[in-house]
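1. Whatever this is, show me its structure:
(one chain, ligands or ions: 2)
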Amino acid sequence: MKIILLGAPGAGKGTQATRIASKYGIVHISTGDIFRANIKGGTEIGKLAKSYIDAGKLVPDSVTCDIVKDRLGWDDVKKGYLLDGFPRSLYQAEELSKFADIDLCLNLEVDPSLIMERICGRRVCSCGESYHVSTLNGSTVCAKCGKELYARADDNPETVKARLDTYDENTAPLIDYYKARGKLVTVVCGTKTPDEVFEAVCEVLDK
Ligand code: AP5
Ligand code: MG
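-> Numbers count the residues shown, from 1 in each chain. Ligands and ions are numbered 1, 2, ... in the order given. Have a look, this model is predicted:
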C-alpha cells in the first residue's frame with residue numbers, strides 16, 4: 001500500500017497516519033517531522049528549513065523532493081508507506097510520479113473554522129505522540145512515555161494563518177490533480193472524533 005495523506009494544516013494527518021501505519025504495518029513518512037528532526041539536530045537542511053517553517057511557507061521543492069526520493073530508497077518502505085504532508089505542490093506531485101507509483105491519495109477534509117483552535121491547542125511529545133489541551137485534563141506530560149509536552153514553534157496564530165494561505169495556494173490544487181488521475185478518496189471529517197475518522201479511513205483502505 002502506497003498512500004498519500006492530503007489535508008490542510010490541522011486536518012488530522014499526523015493523528016491518522018500513526019494509526020494507519022500501526023494497523024496496516026506500513027511506514028509513516030512525514031516531511032514535517034523530517035524537517036523538525038533536522039532543525040533539532042542543527043543540520044544544514046534544518047537551518048534552511050527553519051526560516052520557511054517559521055514563516056508558514058513551503059521549504060523549497062528541490063530540497064523536499066530530494067529528501068523524499070532518498071527516503072523511498074530505504075529497505076523498510078518495501079512493505080508500503082504513507083506520505084504525510086508530501087506532496088504539497090504540483091511540482092512535488094510531478095516529481096513524485098517519476099520515482100513512485102502511488103495507489104491512493106486520501107484527502108482529509110476538515111471544516112476550516114476548526115483548524116485554528118485545533119492547532120493552537122496541540123501539544124506534542126518528542127516521542128512523536130500528539131495531544132490537544134482539551135483532552136489532557138491539565139496534564140503536561142506524555143501519557144505514553146512521561147516526557148514533558150510542548151507546543152510546536154509554528155503552532156501560533158500568525159504562522160497558522162500563513163500555513164493556511166500556503167495550503168490554499170499551493171496544496172489544495174492537488175485535490176483536482178489526484179482526482180483527475182482516479183486516485184483521490186476524500187474522507188469528510190466534520191465533527192468526527194479521531195476514532196470515528198479512523199473508522200472511515202479503514203473502510204476506504206480495506207476496500
Ligand atoms: P507539517 O508538520 O506537515 O504541518 P501541517 O501540514 O501544517 O500539518 P499539522 O502537522 O499541523 O497538522 P496535521 O494534519 O498533522 O494534524 P494533527 O493530526 O497533528 O509541516 C510543517 C511545515 O514543514 C510546513 O508548514 C512547511 O513549512 C514544512 N513542510 C512540510 N512538508 C513540506 C513539503 N512537502 N514541502 C515543503 N515544505 C514542507 O492534528 C492537529 C490537532 O488536532 C492535534 O491537537 C490533534 O490532537 C487534533 N485533532 C486531530 N484530529 C482530530 C479530530 N478528529 N477531532 C478533534 N481534534 C483532532
Ligand atoms: Mg502533522
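2. helices or strands next to the helix-or-strand element of the chain with minimal mean pLDDT in the packing?
-> Least confident helix or strand, the chain: strand 130-132 with a mean of 90, by mean pLDDT, DSSP states H and E. Helices and strands in packing contact with strand 130-132 are listed as strand 122-124; criterion 3 or more Cβ pairs under 8 Å, 6 or more residues apart in numbering; DSSP states H and E. Heads up, the C-betas are built off the backbone N, CA and C, glycines and all.
3. which outside residues touch the strand it packs on?
-> For strand 122-124, the external contacting residues (Cβ atoms under 8 Å, 6 or more residues apart in numbering) are 10, 130, 131, 132, 133, 136, 140, 149, 150, 151, 152, 155.
4. does it come close to ligand 2?
-> No - on the criterion Cβ under 5 Å from the ion, strand 122-124 is out of touch with ligand 2, staying 9.0 Å away.
5. picking up where we left off before, write a ChimeraX command that selects only the buried members of the contacts of strand 122-124.
-> The ChimeraX selection below is limited to those of those classed as buried (16 or more other Cβ atoms under 10 Å):
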select :10,130,131,133,149,155
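6. now for the contacts of strand 122-124, which pair is the farthest apart?
-> Farthest-apart pair in those is 10 and 140; separation 21.1 Å (Cβ to Cβ).
7. Could you show which parts of the protein are in contact with ligand 2?
-> Contacts of the chain with ligand 2, taken as Cβ under 5 Å from the ion, map to 13, 14.
8. in which helix or strand would I find the residue in the chain that ligand 1 sits nearest to?
-> Nearest to ligand 1, among the residues of the chain, is residue 32, at 2.0 Å (Cβ to the nearest ligand atom). Residue 32 is part of helix 31-41 when elements are defined by DSSP states H and E.
9. phi, psi of the residue of the chain positioned farthest from its centre?
-> Relative to the mean C-alpha coordinate of the chain, counting by Cα atoms, centre = their mean, the farthest residue is residue 138 (26.2 Å). Here is the backbone geometry of residue 138 (degrees, to the nearest 10): phi 80, psi -10.
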